[in-house]
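*Asks:* coordinates only, sequence not included:
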């Protein structure tokens with residue numbers, strides 16, 4: 001009986017593992033399609049055709065189009081966290097970390113982590129005036145990113161890398177606006193220099209709020 005139970009558990013675990021792999025495969029395609037064509041353009045039939053799967057197999061993973069859209073957003077968040085947030089947080093606390101977060105975002109959008117540029121820029125424009133659970137989740141995640149920037153600004157102030165009179169929320173807003181503007185210029189006009197210009201503008205803004213002796217690396221220039 002023990003052998004039978006062990007065999008059943010192995011079989012069950014194998015099915016779960018295959019199910020998770022299939023779900024990940026579906027969502028990895030969905031995030032790229034949605035970044036270029038919009039969340040509204042996603043369909044069970046479209047994904048099934050591209051992945052050469054049955055519609056019933058896709059329905060087993062997602063019960064409705066809205067479920068698929070929400071799951072796609074969550075997968076995009078995971079990719080964004082790995083590409084931007086974790087990379088940024090590896091930098092030393094203070095101004096180096098704030099700059100690393102900015103640079104990681106620009107790199108993520110510029111090197112095409114998502115097929116259509118920044119996933120969240122695309123879906124935000126698509127759903128910003130459409131109330132409902134999709135819009136609410138997108139708004140919450142965008143607020144989460146702005147909060148990450150605001151906290152990084154505050155930490156830079158605590159370490160003495162940025163002036164204490166700087167408004168963290170205002171600075172986070174400006175950084176985000178410059179980044180989104182670069183993504184827009186790159187996607188709409190094919191402007192390959194947009195991200196470099198955004199980097200220069202963010203550097204200039206941070207430098208204006210940085211004590212004269214501190215560089216963007218957080219080092220005291222008097223000791224270099």
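*Replies:* Okay, I see it. Keep in mind that this is a model prediction, so the values were computed, not measured.
*Asks:* in the helix or strand where residue 60 lies, which residues are buried?
*Replies:* For residue 60, the host element (DSSP states H and E) is helix 55-61. Residues of helix 55-61 classed as buried: 58, 61 (neighbour count, 16 or more other CB atoms under 10 Å). Where C-beta positions appear, they are placed from N, C-alpha and C, glycine not excepted.
*Asks:* now swap in stretch 20-36 and tell me
*Replies:* Within stretch 20-36, the residues scored as buried using 16+ other CB under 10 Å are 22-23, 26-27, 29-35.
*Asks:* got the contact list for the nearest residue to residue 55 once chain neighbours are set aside?
*Replies:* In space, and not counting its chain neighbours, residue 55 is closest to residue 48: 4.8 Å by CB to CB, 6 or more residues apart in numbering. Going by CB atoms under 8 Å, 6 or more residues apart in numbering, residue 48 touches 54-55, 57-58.
*Asks:* and residue 122, by the same measure?
*Replies:* When contacts are counted by CB under 8 Å, 6+ apart, residue 122 is found next to 34-36, 38, 114, 116.
*Asks:* dump those to JSON lines, plus secondary structure.
*Replies:* JSON lines is the format used below for these (DSSP: H, G, I helix; E, B strand; the rest coil):
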{"residue": "34", "secondary structure": "helix"}
{"residue": "35", "secondary structure": "helix"}
{"residue": "36", "secondary structure": "helix"}
{"residue": "38", "secondary structure": "coil"}
{"residue": "114", "secondary structure": "coil"}
{"residue": "116", "secondary structure": "coil"}
